[in-house]
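Peer 1: how would this look folded up:
(4 chains)
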Amino acid sequence: MENLHVEIVDRSEAKLNVAAALEFVADPRFGGIANFVGRVREFNRDREVTGITYDLFEPLVLKTFREIGARTLAEVGAPLKLWIAHAQGDLGLGDPAVVVAAGTPHRDEAFRACRLTIEALKHEAPIWKQEHYADGDSAWSEGCSLCDEHREAERAAAGFHGTDHG
Amino acid sequence: MENLHVEIVDRSEAKLNVAAALEFVADPRFGGIANFVGRVREFNRDREVTGITYDLFEPLVLKTFREIGARTLAEVGAPLKLWIAHAQGDLGLGDPAVVVAAGTPHRDEAFRACRLTIEALKHEAPIWKQEHYADGDSAWSEGCSLCDEHREAERAAAGFHGTDHG
Amino acid sequence: MKARILLHGALREADPAGRIELDVPAGCSIGELRERLVAHVREHAPGVGEDLLRRSAFGTRETILHDHEPVPEDGELAVLPPVGGG
Amino acid sequence: MKARILLHGALREADPAGRIELDVPAGCSIGELRERLVAHVREHAPGVGEDLLRRSAFGTRETILHDHEPVPEDGELAVLPPVGGG
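Peer 2: Residues are numbered from 1 along each chain as shown, chains lettered A, B, ... in the order given. Model prediction:
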């Protein structure tokens, strides 16, 4: 789908490129562009964070991104260009971890497309996050199960809006 | 307020700078950055557009932007950095007309801050739009009244979400 | 006193210079000023709709003024037609 | 047949090489494989919680597999603990 770009960027090679995302979703038909950037932040649940390692199963992540993109396109029901990118490897403070950009004719559709996409990504993509703390400790995030059976129960318990990083 | 940046950029001098907006709202505390860019698009209500002239009353626009920023800050109720910028003068197809960027600890707050701000701007800021068409004609947008009495009636009639450009 | 009214948006077409000067009595309200402006435009720029003026707001550099409020002492005003910006 | 299971996230700690090989009978289901993996990890990497394995999904490069489905013919699998990414 030429309206959809998905990518995984290894932090040892490059940072995620927000400017490229905004350029990709631009189009003479589009008046509204919404963009979300998730960045590594200094504190999580009162622990000082020095970095995050993202581990992911690339073929399944890319496939999941494509499925999420197709679903957003269907739900928004308007012309749409969508960029979904995630970092992998060892990220430092302030590094972008995830970038979603959506271009559409009007702003309501752009916001909806961007939000639907980042929520789906957070809940469904096989991406793991290991936080490293100032005290030398580190921990894998306790997140959402990828099994359908567990996922439904977890989403209901958590409410719709995740409050995890970003 | 050092968390808030507002500006009017004359198109004859520069384009709006999205990269500067994203940099301004970045902060070690923030994991979520949401951004909206409104651009001049090719068609509006089936008429081919070749450009837009924005006319605005700068002192009152900047004051309105500051008020909107303060209100967003109060409504979101989380640490927040906010960038609000609008172009004036003669814009071509694809030129950015408005940029809003919001940085916050979590993504839900970032999306809310960005959306609240752009909606308020569209309804309240004394900014006028003259569209120029491929057939040589041009027209000022019929928009929202700045009188309180008219505004309430118009907002109720239009529903919450504007569908005008961007 | 003189009221100097800056024009914007669709109201720019009411005067090529982008401003209109009107003589108004001391203590004149914004509502009265609006009626005088309607009369002036009807005479000098009949292409600009009266309806547009009735839906316009008046403001200073700092704030929007309502019909019952007085014209500010320095007479500097802007007339703000409905906005379609952003 | 051999099942070669790629490890991710918190499950990486179950093996330094990032993968585990298990002998499984032909036609083995994902549910059976899960039990064999629990037994293997209990023996070789007791630090990794059994609970984590029970909440994990299995997948190929293309899709997530459910407990009643068979292990794919090439034996290539990934075990996917709960995600906290993005």
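
Peer 1: quick one: whichever strand or helix holds residue A:91 to chain centroid distance?
Peer 2: If you go by DSSP states H and E, residue A:91 is part of strand A:81-92. Taking C-alpha atoms, centre = their mean, to the nearest Å, the mean C-alpha location of strand A:81-92 is offset from the chain mean by 7 Å.

Peer 1: Check which residues of it are buried.
Peer 2: A:81, A:82, A:83, A:84, A:85, A:86, A:87, A:88, A:89, A:91 (16 or more other C-beta atoms under 10 Å in any protein chain shown). Quick note: C-beta positions are derived from backbone N, CA and C, even for glycine.

Peer 1: The last one and chain D, how far apart?
Peer 2: What it means is residue A:91. Distance, residue A:91 to chain D, using C-beta to the nearest C-beta, to the nearest Å: 12 Å.

Peer 1: Downstream of the top helix by length along chain C, the next helix or strand is which one?
Peer 2: Looking across chain C with DSSP state H, the single longest helix is helix C:30-44. Toward the C-terminus, helix C:30-44 is succeeded by helix C:50-54 as the next helix or strand (DSSP H and E).

Peer 1: any idea of the mean pLDDT for the helix or strand just after that following helix?
Peer 2: Sequence order places strand C:57-59 as the next helix or strand after helix C:50-54, per DSSP H and E. The average pLDDT within strand C:57-59 is 92.

Peer 1: Strand C:57-59 - which strands sit beside it in the sheet, and in what orientation?
Peer 2: strand C:64-65 (antiparallel), strand C:76-80 (antiparallel) (DSSP bridges).

Peer 1: Confidence-wise, which of these is weakest overall?
Peer 2: For the strands paired with strand C:57-59, the weakest mean pLDDT is recorded on strand C:64-65, namely a mean of 90.

Peer 1: How about residues contacting that strand?
Peer 2: The list of residues contacting strand C:64-65 from outside it, by C-beta atoms under 8 Å, 6 or more residues apart in numbering or on different chains, reads B:60, B:146, B:147, C:30, C:57, C:58, C:59, C:72, C:77, C:80.

Peer 1: quick check, nearest of those to residue A:51?
Peer 2: Of all the contacts of strand C:64-65, residue A:51 sits closest to residue B:60, with 45.9 Å by C-beta to C-beta.

Peer 1: Am I right that the closest one sits in a strand?
Peer 2: No - going by DSSP: H, G, I helix; E, B strand; the rest coil, the assignment for residue B:60 is helix, not a strand.

Peer 1: Test my guess that it contacts residue C:58.
Peer 2: No - using C-beta atoms under 8 Å, residue B:60 makes no contact with residue C:58, being 11.0 Å away.

Peer 1: Are there residues contacting both of these two? Which ones?
Peer 2: In contact with both residue B:60 and residue C:58: C:64, C:78, C:80, using C-beta under 8 Å, 6+ apart.

Peer 1: If you rank those by neighbours, which is first?
Peer 2: Among the shared contacts of residue B:60 and residue C:58, residue C:80 has the most neighbours (other C-beta atoms under 10 Å in any protein chain shown), with 27 neighbours.

Peer 1: ok, now which ones touch that one?
Peer 2: B:57, B:60, B:126, B:146, C:8, C:9, C:56, C:57, C:58, C:59, C:64.

Peer 1: Distance check, residue A:145 against residue D:83.
Peer 2: Note on residue A:145: its distance to residue D:83, by C-beta to C-beta, to the nearest Å, is 8 Å.

Peer 1: The two: which has the busier surroundings?
Peer 2: Regarding residue A:145 and residue D:83, a neighbour count based on other C-beta under 10 Å identifies residue D:83 as having more, with 26 against 21.

Peer 1: if we can go back for a sec, out of the strands paired with strand C:57-59, nearest to residue A:13?
Peer 2: If we rank the strands paired with strand C:57-59 by C-beta to C-beta, the stretch that ends up nearest is strand C:76-80, at 52.4 Å.

Peer 1: got the CA positions of the closest one in CSV?
Peer 2: Presented in CSV, the C-alpha positions along strand C:76-80 are these (Å, rounded to 0.1, in the frame of the first residue of the first chain):
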residue,chain,number,x,y,z
GLU,C,76,-8.2,53.2,18.1
LEU,C,77,-10.3,50.3,17.2
ALA,C,78,-10.3,47.2,14.9
VAL,C,79,-13.4,45.8,13.4
LEU,C,80,-13.2,42.0,13.3
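
Peer 1: between that strand and helix C:30-44, how big is the angle?
Peer 2: Counting by axes from the mean of the first three to the mean of the last three C-alpha atoms, to 10 degrees, strand C:76-80 lies at 70 degrees to helix C:30-44.

Peer 1: ok, back up a step: by contact count, what packs against the helix or strand that the strand holding residue A:91 is followed by?
Peer 2: The C-terminal neighbour of strand A:81-92 among helices and strands, as given by DSSP H and E, is strand A:96-104. On a contact count with 3 or more C-beta pairs under 8 Å, 6 or more residues apart in numbering or on different chains; DSSP states H and E, strand A:96-104 meets helix A:18-25, strand A:32-39, strand A:81-92, helix A:107-124.

Peer 1: ok and the second one relative to strand A:81-92, angle-wise?
Peer 2: Relative orientation of strand A:32-39 with respect to strand A:81-92: 20 degrees, computed using the same axes, to 10 degrees.

Peer 1: Next, count neighbours for residue 65.
Peer 2: Here I'm looking at chain A. 25.

Peer 1: try chain C instead
Peer 2: Counted with other C-beta under 10 Å, residue C:65 comes out at 20.

Peer 1: From chain A, how far out is it?
Peer 2: 31 Å.

Peer 1: that older thread, let's have the helices and strands packed on strand A:96-104 in a markdown table, adding mean pLDDT and distance to residue B:120.
Peer 2: Shown next, in a markdown table, are these (pLDDT from 0 to 100; distance: least, C-beta to C-beta, whole Å):
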| stretch | mean pLDDT | distance to residue B:120 |
| --- | --- | --- |
| helix A:18-25 | 97 | 23 |
| strand A:32-39 | 98 | 16 |
| strand A:81-92 | 98 | 27 |
| helix A:107-124 | 95 | 13 |
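
Peer 1: Redo these as a markdown table? Include distance to residue B:69.
Peer 2: As requested, the helices and strands packed on strand A:96-104 are exported to a markdown table (distance: least, C-beta to C-beta, whole Å):
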| stretch | distance to residue B:69 |
| --- | --- |
| helix A:18-25 | 22 |
| strand A:32-39 | 19 |
| strand A:81-92 | 28 |
| helix A:107-124 | 18 |
